[in-house]
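Undergrad: based on what follows, work out the 3D shape:
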Amino acid sequence: MYAMGEGVTTEEELRMYEQGIRVPANYVGSMEVPKSSGDQMVVVAVNRVRAQLKATKDRKVATEVIVSTEGVQIIDESTGLPRDSFPLRLVTYACRLPEDKKYVGLVTSTDTMDRPIFTCHVFKSDKAKSIAEAVGHCYSITYGRGARREDPYTMASPIRNAE
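TA: Coordinates of the predicted model:
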């Protein structure tokens, strides 16, 4: 059982985050990034992924992002199958773009301590704020109110809801 997290006020809300918040979003793409967190780094990564998508004329993939206290799962809407999933402990940062709030970047890490690889996954959604907030709430529920995880890659809090 999890404790009430920051912003979670009722048992019903707690159950909602445990079961997962489902948000429709278009998957834009992913790219490796040099570190586990940082607003500016996410902005640069999102803009590069967007430019790459435009240059290749590829299409965004319709997905459903499911954020829970267990982690983040990406479901391909056309097949209903998972595209990817990340335990919450490997989601190191979440940030909406300040200049275009429909975009959110989720930074994840590989599960290796010796040489982790960080990747920024980019999504576009009218509900991008819901994705970033759900990650923040789930993190608070799982790791405690106001918790700052002892991340071996950075001492920063993993969640940033840029307004």
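Undergrad: what average pLDDT does the lengthiest helix in the chain get?
TA: Looking only at the chain and at elements set by DSSP state H, the helix with the highest residue count is helix 39-56. Per-region confidence: helix 39-56 scores 93 on mean pLDDT.
Undergrad: what do you get for stretch 70-83?
TA: Mean pLDDT, taken over the full extent of stretch 70-83, equals 96.
Undergrad: what residues sit buried inside that stretch?
TA: Neighbour counts using 16 or more other CB atoms under 10 Å place 70, 71, 72, 73, 74, 75 of stretch 70-83 among the buried residues. All C-beta spots, glycine's among them, are computed from the backbone N, C-alpha and C.
Undergrad: span of stretch 31-48 from start to end?
TA: For stretch 31-48, the separation between the terminal residues is 8 Å (CA to CA, to the nearest Å).
Undergrad: what's the burial count for residue 51?
TA: Other residues within reach of residue 51 by the criterion other CB atoms under 10 Å amount to 11.
Undergrad: state the next helix or strand along the chain beyond the longest helix of the chain.
TA: Scanning forward in sequence from helix 39-56, with DSSP states H and E defining helices and strands, the next element found is strand 61-67.
Undergrad: mind checking how far stretch 69-80 is from the chain centre?
TA: Relative to its parent chain, stretch 69-80 has a centroid offset of 12 Å by CA atoms, centre = their mean, to the nearest Å.
Undergrad: how long is that stretch end to end?
TA: Across stretch 69-80, the straight-line distance between its terminal residues is 21 Å, by CA to CA.
Undergrad: circling back to that earlier point, let me know the closest of the buried residues of stretch 70-83 to residue 62.
TA: For these, the minimum distance to residue 62 (CB to CB) is 9.7 Å, reached by residue 75.
Undergrad: spell out the residue ranges of the strands in this protein.
TA: Taking DSSP state E to define them, one finds strands in the chain at 21-33, 61-67, 71-76, 82-87, 91-96, 103-109, 118-124.
Undergrad: quick one, the last one and helix 39-56 angle?
TA: Orientation note: strand 118-124 sits at an angle of 60 degrees relative to helix 39-56 (axes from the mean of the first three to the mean of the last three CA atoms, to 10 degrees).
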